[in-house]
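S.K.: Provided below are the primary sequence and the corresponding predicted coordinates.
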Amino acid sequence: MVFGKRRRGLANSGEEEGPALENAIRDDDAATELLPRPLFAVAVVLVCFVLLQVLTVLFSFLLGFSYALAPAFIVGGIVPALLVARWMARSPRACLRLFPVRPLPLVFCVGASFSFVVLQYNVASLIEKLFPMPTWIQDFLIEIIRVRSFAEFIKVASGVVVAAAIAEELLFRGVLQGSLENRYGRWRGILLTSLLFALLHDPWRFVPILFIGGLFGYLVSRGHSIYYGMVAHAITNSTSVAGGNLFGVKPGKEIYLPLSFVVLMAALFIVSIWGFVRSTRFVRSTQKEVPVSPPSSVLEKSPRQVGDNSQHFESQ
């Protein structure tokens, strides 16, 4: 299973995979020549954050709060991210890293995201003990993820799990992190993006969300595809929703997992990250070896003109 427009160009064998990925990474190299500036990218994220709040209130009056999240994330998150990438970047698809994913790294991505969100329960419980979350915020978050019927299941799945994951990844790991990585480097870009991601989410769970955002950023940067972040984000949200509805794990409630289960999840996380790194080595090596394609103006010239230009470059 491969996502993205180039899924037909990728096969299960590594030999056929290389040329398609080379073309995708070549497009990415060209896109970095015109990425949104960091301050502009931060401004886009902040404006979309405010817009999401306004649209949530508006759609709540029109559709009811239960069905307001999905259209709010689509109009206030997904559409602006696509428009910014289309306006600012030479290749919008490369700017947002809308490249295909491979099945094996995707499996490790799911394992890493699931085990990590389970492990952070102990950290979140310790923080909750030190800095209790207000009761009205707990009630509000519980109402968002509560599922009492099939209609509410569709509401939560479409809004909290799917639309939220797509919109936030396009904005944070697409528009923002790509710009910050291009300006400050890979690790600083991931860190700065995770800081803003945590600040705009939940001050009472700042530390767990900071690390979760860092995991999303690393998966996207290492795997060279925004789809890894979307899948990991959806797994994280769906795990929280399932915990709240099946096991009574409520926002703000102290949950301490048994040591044996913590060790099991830690082992799963380590194995998943190791497997993800190993299975995405071809992406990093290909990125270093692929040259940037010549400008379209050179390709449009006659062979004689191209030869003359090549001699001119060699003389320089």
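M.R.: That came through fine.
S.K.: the bottom helix or strand of this protein by mean pLDDT?
M.R.: None of the helices or strands of the chain scores lower by mean pLDDT, DSSP states H and E than helix 296-299, at a mean of 40.
S.K.: now stretch 90-104: buried residues?
M.R.: Buried positions in stretch 90-104, judged by neighbour count with 16 or more other Cβ atoms under 10 Å: 91, 92, 93, 94, 95, 96, 97, 98, 99, 100, 101, 102. The way it works is simple: take the backbone N, C-alpha and C, and place the C-beta from them, glycine included.
S.K.: biggest separation within the residues you listed, which pair?
M.R.: Across these, the longest distance by Cβ to Cβ is 22.6 Å; it joins 92 and 102.
S.K.: so where's the protein shaky on pLDDT?
M.R.: 1-35, 89, 247-256, 282-316 (pLDDT under 70).
S.K.: longest helix anywhere in it?
M.R.: helix 103-130 (DSSP state H).
S.K.: tell me what angle the helix or strand that comes right after it forms with helix 103-130.
M.R.: Next in sequence after helix 103-130, counting helices and strands by DSSP states H and E, comes helix 135-145. Angle, helix 135-145 to helix 103-130, by axes from the mean of the first three to the mean of the last three Cα atoms, to 10 degrees: 160 degrees.
S.K.: start at 838 instead
M.R.: New numbering, starting at 838: the last item is helix 972-982.
S.K.: which neighbouring elements make contact with helix 972-982?
M.R.: helix 1063-1083 (3 or more Cβ pairs under 8 Å, 6 or more residues apart in numbering; DSSP states H and E).
S.K.: let's see it at 10 Å
M.R.: If contacts are counted by 3 or more Cβ pairs under 10 Å, 6 or more residues apart in numbering; DSSP states H and E, helix 972-982 sits against helix 987-993, helix 1063-1083.
S.K.: follow-up on the earlier one: of all the buried residues of stretch 927-941, which comes closest to residue 898?
M.R.: Among the buried residues of stretch 927-941, and counting by Cβ to Cβ, the member closest to residue 898 is residue 933, at 31.6 Å.
S.K.: isn't that closest one right up against residue 1009?
M.R.: No - contact criterion Cβ atoms under 10 Å: residue 933 and residue 1009 do not qualify, at 11.2 Å.
S.K.: which element is the residue lying closest to residue 1009 once chain neighbours are set aside on?
M.R.: With sequence-adjacent residues excluded and distances taken as Cβ to Cβ, 6 or more residues apart in numbering, residue 1009 is closest to residue 1034, at 5.1 Å. Residue 1034 is part of helix 1023-1036, with elements assigned from DSSP H and E.
S.K.: what packs against that helix?
M.R.: Checked by 3+ Cβ pairs under 10 Å, 6+ apart, helix 1023-1036 has helix 875-900, helix 1014-1021, helix 1043-1060 packed alongside it.
S.K.: residues contacting that helix, please?
M.R.: Residues outside helix 1023-1036 that contact it (Cβ atoms under 10 Å, 6 or more residues apart in numbering) are 875, 878-879, 882-883, 886, 1005, 1008-1010, 1012-1022, 1042-1055, 1057-1059.
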